[in-house]
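>>> Make a model of this:
(one chain, ligands or ions: 1)
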Amino acid sequence: MYFHFLVIALGTLVNNGLAATFSPARAPAIPLAVRSPYMNTWLEVGSDGGSQGFLPGAWPRFWAGPQPGEALGANGAVTGWTGLIKVDGASYTWMGQPKIGDNFPTNVEQTSFEYTSQRSTFVMNVAGKVSMNVTFISPVAPKDLKRQSIIGSYLQVTVAATDEASHSVQLYADTTAEWVSIRNTDTAQWSFSNQNNIASHKSWRQTQSEFNADFPDDGSHWGNWYWSTATTPSLTSQSGGHETVRGNFLRDAKLPNTQDSNYRAISDNYPVFAFANDLRNVGNNPITTLYTIVHAQDNAIQFDGANGIISVPSLWTSYFRSDLAMVEFLYKDYSTVDGAIDHAFAVDSLAAGGQDYLTITSLSARQAFGGTQLCGTTSKPYLFLKEISSDGNIQTVDVFFPAIPIFLYSNPVLVKHLLDPLFENQEAGRFPKQWSIHDMGAHYPQAIGHEDGQ
Ligand SMILES: *[C@@H]1O[C@H](CO)[C@@H](O)[C@H](O)[C@H]1NC(C)=O
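All right, here's what the predicted structure looks like:
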């Protein structure tokens, strides 16, 4: 009787996925694509509506809400991101919470999670047949302003058989139009391109409002999003309504290479931008598929500097002649993203404060850099910083205090790029008080100062 009870209890724990490991910790939120104040997508972990740290079965979210409709309030707006996989004809979910018809495809079993400064890795077991290594990399490149200026993140999925057999495997991933605005009543538009062996779904808010001139909120109202992968013979793609596109994959194990041109509200038959790869027979040799997501804005910040209010470009525009040139560079640059930064942060954090300190620094590296954005030109760069989780002020002096150690440590010139906007504004006499300005504006990205002294 006693043993029987134990077996039931253990079974319940495993069913809840609690057998999985989290290393070095199960953090309150797991960074997925965190590169700027606007590319800031996390897996929320809390049991209060969160995922408990499991990628399959919960939606990735932008840090802030609220959003009207189903996904309410403080948990942040959903940035729909879905992963499905077929193994020997059976369908599974490895990311998100997609409902197709009346079904949620069975979740793969997440067995472990680990993070380093740039990387969040989930290891999955699919029916005891294949393993998946699902790795999100948001590069941290403090000394390399070209690479740090790119607002782009990687998702790499590696699949291999875990028994001695080989298995028929097809992989699917999509993003939804929810990335283009945190208000899902906004209208989205999209297009598809195939250039230099990179296939990209581009999407944007149909009504572009540079610098959020229309109204302030935490999402971005202008610029383009690119969801990309390599053009291989095994690739098929589609844009369209969520259940149609995902249903096509579940039924056919591929997509029909068609595009939906009925541009509509984000929540109106949620448009999704999908890729499917037929990996064919997967044995012990791992097969890797790489995706990127990029946010491209030509101008990033409105700034009341030495010569009055100007538009400050994104720094990436100094290095790349077009959005797609940047997307292509990022994709093909993957091989240069090694673990050197992760290693350096780990060694130095361990020396300074031991494992507990490393547990925090490696979690917060992407968060700290993701609160900032490199702007300006190569001869006059600026690092703009947004208050996140408070009120959205820009270049707030008291927020520099907790943020500054990572910049001083990783590349002190970043502190100059952070402080310059404040100095230039005040030295030009645009702040009438005798003390330091508190911030450069109430609403990021409007660094329009406080000429009234308030
Ligand atoms: C998963 O993939 C990442 C990126 O290639 C790699 O760094 C990591 O070691 C892999 N982890 C496992 C457990 O396979």
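
>>> Dump the helix or strand hosting Leu374 to PDB, restricted to CA.
Taking DSSP states H and E as the criterion, Leu374 maps to strand 372-376. Output of strand 372-376 as PDB, limited to C-alpha atoms (Å, rounded to 0.1, in the frame of the first residue of the first chain):
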ATOM      1  CA  THR A 372      19.800  49.400 -24.400                       C
ATOM      2  CA  GLN A 373      20.200  50.200 -28.000                       C
ATOM      3  CA  LEU A 374      23.300  51.400 -30.000                       C
ATOM      4  CA  CYS A 375      22.400  54.400 -32.100                       C
ATOM      5  CA  GLY A 376      24.100  57.300 -34.000                       C
END
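
>>> could you point out which element follows that strand?
From strand 372-376, the next helix or strand downstream (DSSP H and E) is strand 381-385.

>>> quick one: buried residues of the strand holding Leu374?
Residues of strand 372-376 classed as buried: 372-376 (neighbour count, 16 or more other CB atoms under 10 Å). Where C-beta positions appear, they are placed from N, C-alpha and C, glycine not excepted.

>>> elements contacting the longest strand along the chain?
Across the chain, the longest stretch assigned as strand under DSSP state E is strand 271-282. Applying 3 or more CB pairs under 8 Å, 6 or more residues apart in numbering; DSSP states H and E, one finds that strand 271-282 contacts strand 152-161, strand 167-176, strand 188-195, strand 198-205, strand 224-230, strand 235-241, helix 242-252, strand 287-296.

>>> ok and it relative to helix 242-252, angle-wise?
Going by axes from the mean of the first three to the mean of the last three CA atoms, to 10 degrees, strand 271-282 is angled at 20 degrees with respect to helix 242-252.

>>> Quick one: residues contacting Ala64.
The contact partners of Ala64, taken as CB atoms under 8 Å, 6 or more residues apart in numbering, are 40, 76-77, 182, 217-219, 388-389.

>>> re the thing from before, between the strand holding Leu374 and strand 381-385, what angle do the directions make?
150 degrees.

>>> Touching strand 372-376 from outside, list them.
Identification of contacts with strand 372-376 by CB under 8 Å, 6+ apart yields 36-37, 145, 148-149, 151, 300-301, 312-316, 381-386, 417-418, 445.

>>> that older thread, which of the helices and strands packed on strand 271-282 sits closest to the ligand?
Of all the helices and strands packed on strand 271-282, strand 152-161 sits nearest to the ligand, with 5.7 Å by CB to the nearest ligand atom.

>>> Render the CA-only coordinates of that closest one in PDB, please.
Output of strand 152-161 as PDB, limited to C-alpha atoms (Å, rounded to 0.1, in the frame of the first residue of the first chain):
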ATOM      1  CA  GLY A 152      18.900  40.100 -33.900                       C
ATOM      2  CA  SER A 153      18.700  36.800 -32.100                       C
ATOM      3  CA  TYR A 154      19.300  33.100 -33.000                       C
ATOM      4  CA  LEU A 155      17.200  30.000 -32.500                       C
ATOM      5  CA  GLN A 156      19.100  26.800 -33.200                       C
ATOM      6  CA  VAL A 157      17.400  23.300 -33.100                       C
ATOM      7  CA  THR A 158      19.500  20.200 -33.300                       C
ATOM      8  CA  VAL A 159      17.800  16.800 -33.600                       C
ATOM      9  CA  ALA A 160      19.300  13.300 -33.300                       C
ATOM     10  CA  ALA A 161      18.100   9.800 -32.700                       C
END
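
>>> my read: Asp323 touches Gln297, true?
No: Asp323 is beyond contact range of Gln297, at 9.3 Å (criterion: CB atoms under 8 Å).

>>> Tell me who's in contact with the residue in the stretch 201-350 of the chain positioned nearest to the ligand.
At 6.7 Å from the ligand, Gly339 is the closest residue in the stretch 201-350 of the chain, using CB to the nearest ligand atom. Gly339 makes contacts with 116, 118-119, as judged by CB under 8 Å, 6+ apart.

>>> near the ligand, from those residues?
By CB under 6 Å from any ligand atom, no member of these lies near the ligand.

>>> Closest to the ligand out of those residues?
Distance to the ligand across these (CB to the nearest ligand atom) is lowest for Arg119, with 6.4 Å.

>>> Up against the ligand, what does the stretch 151-300 of the chain have?
Residues of the stretch 151-300 of the chain lying near the ligand (CB under 6 Å from any ligand atom): 156, 158.

>>> okay, and for the stretch 151-300 of the chain, where does confidence drop off?
Along the stretch 151-300 of the chain, no part satisfies pLDDT under 70.

>>> In contact with Gln395, which residues?
Residues counted as contacts of Gln395 (CB under 8 Å, 6+ apart) are 384-385, 418, 421-422, 439-441, 447.

>>> Please disregard the earlier target; I meant Ser436.
So Ser436 contacts 397, 422, 426 (CB under 8 Å, 6+ apart).

>>> got it, and Val245?
By CB under 8 Å, 6+ apart, the contact list for Val245 reads 174, 238-239, 255, 272, 274.

>>> want to throw the residues you listed into CSV with distance to Ala27 and neighbour count?
Shown next, in CSV, are the contacts of Val245 (distance: CB to CB, whole Å; neighbours: other CB atoms under 10 Å):
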residue, distance to Ala27, neighbour count
Asp174, 26, 29
Gln238, 34, 24
Ser239, 34, 22
Leu255, 34, 21
Val272, 28, 27
Ala274, 29, 24
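
>>> which one among the residues you listed gets closest to His343?
Asp174 (33.3 Å; CB to CB).

>>> Give the helix, strand or coil label for Phe122.
When classified by DSSP: H, G, I helix; E, B strand; the rest coil, Phe122 comes out as strand.

>>> sorry, that was for Thr359
Put simply, Thr359 is helix when judged by three-state DSSP.

>>> Surely it is in contact with Ser23?
No: the pair Thr359 / Ser23 is not scored as a contact, 9.5 Å apart, by CB under 8 Å.

>>> Pick out whichever of those two has more residues nearby.
When Thr359 is set against Ser23 and neighbours are counted by other CB atoms under 10 Å, the residue ahead is Thr359, at 17 against 11.

>>> need the contact list for the more buried one.
Going by CB under 8 Å, 6+ apart, Thr359 touches 24-25.

>>> what's the spacing between it and Asp338?
Applying CB to CB, to the nearest Å, the value for Thr359 to Asp338 is 22 Å.
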